[in-house]
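[1] sequence and computational prediction follow.
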Amino acid sequence: MDLPKWDDDFLKANVKGKYGEDRYNRYSCDQLGHGLLDRDFYRGRAGEQVEICDQLTPAKQLVCVKRMDGSDKMSHLFQQGSVSASLIMTNDAYRAKLMAKLRELVADAEFGNATEWTMVYAVATSKDGNLKDIMPFFSRAALRIHSIAIKATGIKVAVAKIDR
């Protein structure tokens, strides 16, 4: 998946948003025609508040975006994806919210099968090299564990690097 470069100076000067990730997601969605779900929470039972993903593509890709600023942020990213995948497959109201957003992009969209969907972990970094080589060990281990959980739902997993 090709995502636009994350240039903080450009984004601050040209895109409205409260923080860097907010501006990046708005810009990326505008450039690529994705649906913006960043900070658009599903609210379930008391205290249950979950972000489905940051960007949704017409091709049924759920894109979760974070800067690689430490293992704690990477852990949050990977948890977001696995929790979301689980809820997509087990919670009708959660899935309905996802499908309403997808139908804004593709009017006659149907959920189909889990195998038609992909959870994309998009990691922004200024480091050169392949993500598997530059990601901290603990983050790589967390990615593997959460990817296994997502794949168990039938949803595919992909990783994308965002140049920063």
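    Perfect, thanks for sending it.

[2] contact partners of the helix or strand bottoming out on mean pLDDT in the chain?
    Across the helices and strands of the chain, mean pLDDT, DSSP states H and E gives its lowest value to strand 41-43, namely a mean of 89. With contacts defined as C-beta atoms under 8 Å, 6 or more residues apart in numbering, strand 41-43 is touched by 48, 49, 50, 51, 52, 87, 93, 94, 97. For glycine as for every other residue, the C-beta is placed from the backbone atoms N, C-alpha and C.

[3] let's see that with 6 Å instead.
    With contact meaning C-beta atoms under 6 Å, 6 or more residues apart in numbering, strand 41-43 is reached by 49, 50, 51, 94, 97.

[4] so which bits of that strand are buried?
    Neighbour counts using 16 or more other C-beta atoms under 10 Å place residue 42 of strand 41-43 among the buried residues.

[5] which residues are contacting the helix or strand following that strand?
    In the C-terminal direction, the helix or strand that comes right after strand 41-43 (DSSP states H and E) is strand 49-51. Defining contact as C-beta under 6 Å, 6+ apart, one finds that strand 49-51 is touched by 41, 42, 43.

[6] strands of this protein, start to end?
    With strands called from DSSP state E, the chain shows them at 35-36, 41-43, 49-51, 55-56, 61-67, 118-125, 156-163.

[7] pairing partners for the fifth one, with directions?
    Just to be clear, that refers to strand 61-67. strand 55-56 (antiparallel), strand 118-125 (parallel) (DSSP bridges).

[8] do you know the pLDDT at the residue nearest the centre of the chain?
    Among the residues of the chain, the one closest to the centroid is residue 64, at 1.4 Å (C-alpha atoms, centre = their mean). With respect to pLDDT, residue 64 scores 98.

[9] who touches it in this structure?
    Taking C-beta under 6 Å, 6+ apart, we find residue 64 in contact with 53, 54, 77, 80, 81, 121.
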